[in-house]
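Visitor: generate coordinates for the sequence data below:
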Amino acid sequence: MVVLMRSRLFWRRSAAAAGIYASVVLGFFGTVIAAHAFTTHVLGLYAIVIAATGFFQTLLDLTIEEALVKYGFRFQEREDWGRLRRLFGRALQLKLAGGVLAGACLLALAPAANALFGDPRLLKPMLIAAALPLVQAPENVGGVALILRGRYDIRAFFLFLSMALRLGGIAIGTRYGLTQTIAAIVVAQVLATAAVLAAGWTAFRRNPRVAAVSIGEERPEIARFVLQSSLGVVSSPNQVGYFRVAQSPQQGFAALSAPARLVLLTEQTRAWERGTRAAVFAGVRRYSLGAAAGVLVAVPLLLWLAPDLIRLFFTPKNLGATDALRLIVIAGALQFVFGWTKSFPVSIGRPKLRIWAHGIETVVLIPLVVVFGAAWGATGAAGAVLASTVAFIVVWTVLFLRIRREPASQGTASPQPVEAVLP
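Guide: Numbers count the residues shown, from 1 in each chain. You can find the predicted model right below:
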């Protein structure tokens, strides 16, 4: 029986890794297709639309899925199915509300895009992109329903499906233009969200069917968790296009850590809720050591091969991104080693720690991007990313060491005040 369980766990982890890595490859080739099909200037416009969409999604989207994972596992351990049902219902409502607000901001930004970025071709793509936050908003709610069943392998498959649909949209849309590409991405997201929601609903229905009940005394705690989880133009379009190319290693490193982060989020949250604190710290240690060993081998090769990789994947017209890419490789490698910081605060019930760390990172990043970007374009912006990454790592190193030294009684299911571990 033990052998069977280990075999099943190994299969699920392997399938999750395969699905996520495959989705990353598809996402990378989406950027490659856009870089080949568009001029560097139009690639910059494409990057602006995608970045604006992501910014408003991040700013106005309450990251309720993290609370769903944390408190979903808690309610499952208690077999409190009524509260679990109510939690999912409220989560879906909040995600849709955030998507509507983000879309409204993009609609408001679209008429000013020409004045801000100096190109009238941004108007239509920005208007169409306004639909993306709303249609994407419910996707993670369906995904969490799969995670709570321990099926992060199925969740990874739907990440793959989502990126496959998006890649198809980009491949078709780039044959006709920027506006058509954004429209195709929106259509692909509609199909991906529908598929994930269907699978999530099927998984959720396996829970005992009881009526939703009020969350009760834990409502303020969950509200604080959600709020703490959620708080969180200086160059030409050509330089934006170069920076888009240079970001590929950073996105690649983040994707490499994604399977491990998904497993850590699922298993460490369950372990923390059961009171097995040592298992959580051991998982962080194993991940960090393994990731550090990997980047020590990969980073020198990537720095050396940077120009050849740009020629191979993004065509020689984007060789201006070489120096920026090298700086992003170093930043991405550091972020890869500290990838556990994305799931660890959620698992231990202290999402505010992540807000503090990202807040300091942002305080360093924004002024440096403005100053360095104006002076050195994409290379300067990449330097700003590296500097802010170092600041983030220093903050998290201090936080983690302080949490390790806390008495074991503080590693229980009830989250403790963040002030206890802040410097």
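
Visitor: give me the low-pLDDT residue ranges for this protein?
Guide: Within the chain, the segments meeting pLDDT under 70 span 1-7, 9, 58-63, 216-253, 255-257, 315, 317, 408-423.

Visitor: what do you get if the cut-off is 50, keeping everything else the same?
Guide: The model of the chain has pLDDT under 50 over residues 227-228, 230-236, 410-423.

Visitor: for the top helix by length along the chain, which helices and strands make contact with it?
Guide: The longest helix of the chain (DSSP state H) is helix 351-404. Contact partners of helix 351-404 among helices and strands, from 3 or more C-beta pairs under 8 Å, 6 or more residues apart in numbering; DSSP states H and E: helix 219-230, helix 237-246, helix 322-337, helix 344-347. C-beta: built from backbone N, CA, C; applies to glycine.

Visitor: burial measure for residue 205, as a count.
Guide: 9 (other C-beta atoms under 10 Å).

Visitor: all further residue positions should be reported with the first residue as 59.
Guide: With the count now opening at 59, the last piece we talked about shows up as residue 263.

Visitor: quick check: it vs residue 364, distance?
Guide: In this view, residue 263 and residue 364 are 50 Å apart by C-beta to C-beta, to the nearest Å.

Visitor: do residue 425 as well
Guide: Using C-beta to C-beta, residue 425 is found at 27 Å from residue 364.

Visitor: looking at the two, which one has more neighbours?
Guide: residue 364 (21 against 12).

Visitor: I figured that one hits residue 382, correct?
Guide: No. In terms of C-beta atoms under 8 Å, residue 364 does not count as a neighbour of residue 382; the distance is 9.5 Å.

Visitor: now could you export just the CA positions of stretch 316-332 as CSV?
Guide: Below are the C-alpha coordinates for stretch 316-332, written out as CSV (Å, rounded to 0.1, in the frame of the first residue of the first chain):
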residue,chain,number,x,y,z
ALA,A,316,6.4,26.3,-11.2
PRO,A,317,5.9,22.5,-10.7
ALA,A,318,7.8,22.5,-7.5
ARG,A,319,5.9,25.6,-6.3
LEU,A,320,2.6,24.0,-7.1
VAL,A,321,3.5,20.8,-5.2
LEU,A,322,4.9,22.9,-2.3
LEU,A,323,1.7,25.0,-2.1
THR,A,324,-0.5,21.9,-2.0
GLU,A,325,1.6,19.7,0.3
GLN,A,326,3.0,22.3,2.6
THR,A,327,-0.3,24.0,3.2
ARG,A,328,-1.8,20.6,4.2
ALA,A,329,1.3,19.9,6.4
TRP,A,330,1.1,23.2,8.2
GLU,A,331,-2.6,22.8,8.8
ARG,A,332,-1.8,19.4,10.4
